[in-house]
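# Turn this into a model:
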Amino acid sequence: VAVGVADYTALAEHFHTIILRDIPVFTRDIEDSTRRFINLVDVLYEHRTLLVANVEAESLDALFEDDSRPAPQHPSIFRRAADGGSGGVSG
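Numbers count the residues shown, from 1 in each chain. Coordinates of the predicted model:
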């Protein structure tokens, strides 16, 4: 199981496309997983590796929402890809 930037870099250097499925909505209860996922997306973006993802959220903005608290300020990484950056996130 890849859990760190070195692991993500190795994957990005070996594969031109990464497919992930069943990605949950990230809440503050799973901040460590949220941080790791953001690191993964950053590394894939930097290496121009395409990310195809199936997420439980209804939209990219909702991927980081929690009903009781405001979402963290990380969804901009997804907007960057959705606005024409290399790689992308599909919901």
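# check contacts around residue 30.
Taking C-beta atoms under 8 Å, 6 or more residues apart in numbering, we find residue 30 in contact with residue 24. In this view, the C-beta of every residue, glycine as well, is placed from N, C-alpha and C.
# and residue 47, what pLDDT?
Note on residue 47: pLDDT of 96.
# nearest residue to it other than its sequence neighbours?
residue 12 (3.6 Å; C-beta to C-beta, 6 or more residues apart in numbering).
# Next up, identify which helix or strand the one you found is on.
helix 5-14 (DSSP states H and E).
# what separates the helix or strand just after that helix from the chain centre, distance-wise?
Downstream of helix 5-14, the next assigned helix or strand under DSSP H and E is strand 17-23. Its chain's C-alpha centre and that of strand 17-23 lie 9 Å apart, by C-alpha atoms, centre = their mean, to the nearest Å.
# for strand 17-23, which positions count as buried?
Buried residues in strand 17-23, counted by 16 or more other C-beta atoms under 10 Å: 18, 20, 23.
# and which of these is nearest to residue 59?
residue 23 (13.2 Å; C-beta to C-beta).
# Just confirm the closest one contacts residue 60, I think it does.
No - here residue 23 does not reach residue 60: they are 11.3 Å apart, not a contact under C-beta atoms under 8 Å.
# what ranges do the strands span in the protein?
For the chain, strands defined by DSSP state E occupy the ranges 17-23, 50-55.
# so the last one versus helix 5-14, what angle?
Per axes from the mean of the first three to the mean of the last three C-alpha atoms, to 10 degrees, the angle that strand 50-55 makes with helix 5-14 is 120 degrees.
# quick one: strands adjacent to strand 50-55?
Take DSSP bridges as the rule and strand 50-55 pairs in its sheet with strand 17-23 (parallel).
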